[in-house]
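Chemist: The sequence and its predicted three-dimensional model are supplied below.
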Amino acid sequence: MKPMHSILAISIMLSSLSFTAHASDDKRPDHFQGQASETLEQALANLNKFNAQLANIVAKGQLEPADMADIHQLTYTLEVALAKLNDEIEELKDVLEEVHKGSEMMQFERVRNNAERYLSTSQKILKP
């Protein structure tokens, strides 16, 4: 009886959601909205929180349909957070390149300013 209960719960959950009509890059319909990651700090917080949720679900061993629905939904927030982290790392690479170029040209202020910016952002990513 438990599998039927899980299927019923998933059906109710899915029927209560509003599905959007547009498809993503890989032609999958977007049917969940991931939580926003507008800043690096928010992206890192979402990664920590939703990674923990994913870890808890898969640690159960035997996955059930309800677990798959939960995993499916939380991956949207993880994808948004990873996209923000990727954007931040791309920008960080550019800032580090400014440090590199400034050091070649002995441009002390350019190096100091960009190094401080680089270190400030990278410390947020490396923070335990």
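Modeler: Structure's in. What do you need?
Chemist: wait, doesn't Leu78 sit right on Asn48?
Modeler: No - using CB atoms under 8 Å, Leu78 is not in contact with Asn48; the gap is 10.7 Å. C-betas here are computed from N, CA, C, even on glycine.
Chemist: These two: which has the busier surroundings?
Modeler: Neighbour tally, Leu78 and Asn48, criterion other CB atoms under 10 Å: the higher count belongs to Leu78, 21 against 11.
Chemist: Dead centre of the chain: give me the residue that sits there.
Modeler: Ala81 (2.1 Å; CA atoms, centre = their mean).
Chemist: In terms of helices and strands, where is it?
Modeler: Using DSSP states H and E, Ala81 sits in helix 65-104.
Chemist: List the buried residues of that helix.
Modeler: Residues of helix 65-104 classed as buried: 69-70, 73-74, 76-78, 80-81, 84-85, 88, 92, 95-96, 98-99, 102 (neighbour count, 16 or more other CB atoms under 10 Å).
Chemist: How far off centre is it?
Modeler: 7 Å (CA atoms, centre = their mean, to the nearest Å).
Chemist: Beyond that helix, next helix or strand please.
Modeler: helix 108-126.
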